[in-house]
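Asks: Coordinates for the following, if possible.
(one chain, ligands or ions: 1)
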Amino acid sequence: MKHLLIIWHSRTGAAEAMARAAFEGASGDEACTPRLLRANAAQPGDLLGADGYLFAAPENLASLTGEMKEFFDRCYYPVLGRIEGRPYALMIAAGSDGTNAARQAARICKGWRLKEAQPPMILCTHAQTTEEILAPKVLGVDALEKCRELGAGMAAGVGAGIW
Ligand SMILES: Cc1cc2nc3c(=O)[nH]c(=O)nc-3n(C[C@H](O)[C@H](O)[C@H](O)COP(=O)(O)O)c2cc1C
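Replies: The predicted structure is shown next:
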C-alpha cells in the first residue's frame, strides 16, 4: 500500500476545504491511502513515510502563509536527498492571484527534487474588501469537485507508481 500525504494550512477555511475535498477524492483507492495533516503538526518523518504529496495553502501578502512556510523551513534539510523523485501537487487558495505562493512552493519542491505531477491548482475566492478577506470561506460545489478529482488523480497515480 502506498501513501499520499496531504499537508495543509488555512486561515479562513478555503485551503482547508480544498485539502479535505482532495482527501475525500483520494480515499477509497485500492493501492494508496491518503493522510491529512496540518502543517504545524507535520514532521520530517511524515514526509519520509509518504510516497507522494499534496500541499495546500493560501497566498498571503504574495507568499505562502507563515505556518506553511515554517513547515517547509523546518522539514527542508532533514529530508533533503531522501525524498527525491516522489510526485507532488499544489493547491493554492487566493483572493485574486496565488501565483507567487505557487511559484514559491514549486521552487521548494524543486529543491527537494520532487516531480510535479500536475500544474498547481489555484483557486481564487475573489475576496476584495477587508470584511470579505477575513470572512470564513465556503467553496462552491464545482470547486470542491475539482479538488476531489485532483486528490483522486494523485492517489491513483501514486498507487500505480506512474510518476
Ligand atoms: C493577510 C492576508 C494577505 C493576503 N494576501 C493575498 C495575496 O497576496 N494575494 C491573493 O491573491 N490573496 C491574498 N489574500 C486573500 C487570501 O488568499 C484568500 O482570502 C484565501 O481564500 C485565503 O485562504 P484561506 O481561506 O485558506 O485562509 C490575503 C489574505 C490575507 C488575510
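Asks: would you list every one of the helices in this protein?
Replies: 14-26, 44-48, 66-79, 99-111, 130-134, 141-160 (DSSP state H).
Asks: Quick check: which of the ones you listed is buried the most?
Replies: Among these, helix 14-26 has the highest mean neighbour count (mean count of other Cβ atoms under 10 Å), at a mean of 24. (C-beta placed from N, C-alpha, C; glycine too.)
Asks: Give me the contacts around it.
Replies: 4, 6-10, 32, 34, 36, 54, 56-58, 91-93, 121, 123, 125, 137-139, 143-145, 147-155 (Cβ atoms under 8 Å, 6 or more residues apart in numbering).
Asks: let's go with 7 Å and repeat that
Replies: 4, 6, 8-10, 32, 34, 36, 54, 56-58, 91, 93, 123, 125, 137, 139, 144, 147-152, 154-155 (Cβ atoms under 7 Å, 6 or more residues apart in numbering).
Asks: re earlier: would TSV of the helices of the chain with mean pLDDT be doable?
Replies: Putting the helices of the chain into TSV (pLDDT from 0 to 100) gives the following:
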stretch	mean pLDDT
helix 14-26	98
helix 44-48	98
helix 66-79	98
helix 99-111	98
helix 130-134	97
helix 141-160	98
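Asks: Dump the ones you listed into JSON lines; add distance to residue 86 as well.
Replies: Below are these laid out as JSON lines (distance: least, Cβ to Cβ, whole Å):
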{"stretch": "helix 14-26", "distance to residue 86": "15"}
{"stretch": "helix 44-48", "distance to residue 86": "9"}
{"stretch": "helix 66-79", "distance to residue 86": "10"}
{"stretch": "helix 99-111", "distance to residue 86": "10"}
{"stretch": "helix 130-134", "distance to residue 86": "34"}
{"stretch": "helix 141-160", "distance to residue 86": "8"}
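Asks: so which of the ones you listed comes closest to the ligand?
Replies: Ranking these by proximity to the ligand (Cβ to the nearest ligand atom) places helix 14-26 first, at 3.3 Å.
Asks: That closest one and the ligand, any residue contact?
Replies: Yes. Applying Cβ under 6 Å from any ligand atom, one finds that helix 14-26 is in contact with the ligand at 14, 15, 16.
Asks: For residue 58, give its distance to residue 121.
Replies: 13 Å (Cβ to Cβ, to the nearest Å).
Asks: more crowded one of those two?
Replies: Legend: neighbour count by other Cβ atoms under 10 Å for residue 58 and residue 121, higher for residue 58 (28 against 21).
Asks: Model confidence at that one, what's the number?
Replies: For residue 58, the model assigns a pLDDT of 98.
Asks: what's across from it in the sheet?
Replies: Applying DSSP bridges to residue 58 gives these bridge partners: residue 93.
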